[in-house]
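J.: When you get a sec, could you give me coordinates for this:
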Amino acid sequence: MQTSVHEGRPPKYWHIYWQAASGRDLLLNPWLVERIKARLVGAHRSGGRGLIYYLLLPHEIHLISRLPVDDSPRRLASGLANVIARRVREADGCVGPVFAGRYQAHRVERIEVLGHEIRMLGWRPVGTGLRAAPTHFPHAALRAILGLGLADGVEAGAVLAHFGSSVPLARHAIRKLLANTPSTLEVLQWELAHGLARARATRGPAGSMARQVRGPAAVLVAASEPQGIDGALELLEGWVRAKLGPCAGPDPSSRRGVESARGRALVAGLAVNLGLCSAATVARHFGRSRATLSEQMTRSSTRAADRAILAIPAERLVSEAIELATHAEHRGGPAAP
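T.: Below you'll find the predicted structure:
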């Protein structure tokens, strides 16, 4: 990425975002929209900061910011949130929280990640039903970057420099990125990975439950059927059965025996390692007691073969589990071990 003049060290790029609390509308009226935009721009005018991208939706605010090495997303976000919350309360006349929790932030470390974030943010107004095309939405930096509107404080040139050696080439590259409409699966994976959606499980302590999942766990949830923690655990079940072979049985949740218990313990260990859910959730998934499953997981951790399975890289595990389930679906039956 771009080099900083701050002591010769490169700046850091961050995707920083908020979700509005229930009942709040960040696009309530033009007065509010303009003041939020002005605050976003003003917060980047000093200290070596740069506003690379912004998107303002009725229930979300997204920024891609360039911050010097001695700055932090927390410092930027806390100042912005306080002022924006005050403006929203002035506009709608309601007391109470404006944002549903604190800000979230993701480091943007590579040009590929920057391109992916711009693509997903560009299509978000379309996916939420606000506009028919990414370039039609007025409350985002995309139009300025593509030369369709005024820059208004956005460092359009800095963005373009990452995508091409000239302005026309860079804009062509960005348009090419946007020409690829995100699939429903991609959108869900992105939302889960960014904490904008939660993975649900139907076997929580009081019925259904929901939790944030990220990284490979988010990919597994999005690819499952149904799309939730239950479906992701079923994908892990199929993958574990394939690893253990025929002795694992077709259904660890309903079979007795040492190998079925081993399979359940491995599913639980993998789910915990991925950050998908707790061992207690896996126990409820299999209809077993938490204490019994914990004992089985402890025994599993003493087996060299099981430790090798648990140490398989998460990306590889998730890719194989999804591929296995896809092949089984195409064959019209359960996955062969």
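
J.: Now do the helices in the chain.
T.: 30-42, 73-92, 111-127, 142-145, 156-161, 167-178, 184-193, 215-223, 229-244, 258-274, 279-286, 290-300, 304-310, 314-331 (DSSP state H).

J.: what comes into contact with the fifth one?
T.: Counting by CB atoms under 8 Å, 6 or more residues apart in numbering, helix 156-161 makes contact with 2, 50, 52-53, 66, 118, 141, 144-145, 167, 170-171, 174, all of which sit outside it. (Each C-beta comes from the backbone N, C-alpha and C, glycine too.)

J.: What are the buried residues along it?
T.: Applying a neighbour-count criterion of 16 or more other CB atoms under 10 Å, one finds A156, A158, V159, L160 buried in helix 156-161.

J.: State the number of residues packed around the nearest residue to M120 once chain neighbours are set aside.
T.: Spatial nearest neighbour of M120, chain neighbours left out: W190 (5.0 Å); criterion: CB to CB, 6 or more residues apart in numbering. Using other CB atoms under 10 Å, the number of residues around W190 comes to 22.

J.: got the contact list for W190?
T.: By CB under 8 Å, 6+ apart, the contact set of W190 is M120, P182, L196.

J.: export those residues to a markdown table and tack on neighbour count?
T.: Shown next, in a markdown table, are these (neighbours: other CB atoms under 10 Å):
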| residue | neighbour count |
| --- | --- |
| M120 | 21 |
| P182 | 19 |
| L196 | 18 |
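
J.: Now do R86 against R102, distance only.
T.: 17 Å (CB to CB, to the nearest Å).

J.: Closest one of the buried residues of helix 156-161 to G287?
T.: Comparing the buried residues of helix 156-161 against G287 with CB to CB places V159 closest, at 52.2 Å.

J.: List the buried residues of stretch 265-276.
T.: A265, L266, V267, A268, G269, L270, A271, V272, L274, G275, L276.

J.: Pull the number of nearby residues for G42.
T.: 14.

J.: and what of V258?
T.: 10.

J.: Could you do G23 as well?
T.: Neighbour number of G23 under other CB under 10 Å is 11.

J.: Now it: closest residue in space, sequence neighbours ignored.
T.: Nearest residue to G23 in three dimensions, chain neighbours excluded: C94, at 7.4 Å (CB to CB, 6+ apart).

J.: Same question for L146.
T.: Per CB to CB, 6+ apart, closest to L146 is R171, 5.5 Å.

J.: what sits against the one you found?
T.: R171 touches I145, L146, G147, L160, F163, G164, counting by CB under 8 Å, 6+ apart.

J.: Using TSV, please lay out those together with distance to L114 and pLDDT.
T.: Below are these laid out as TSV (distance: CB to CB, whole Å; pLDDT from 0 to 100):
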residue	distance to L114	pLDDT
I145	12	95
L146	15	95
G147	19	93
L160	12	94
F163	9	94
G164	13	92
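
J.: Filter the contacts of helix 156-161 down to just the buried residues.
T.: Judged by 16+ other CB under 10 Å, buried ones among these: G50, I52, Y53, R66, I118, A141, A144, I145, A170, R171, I174.
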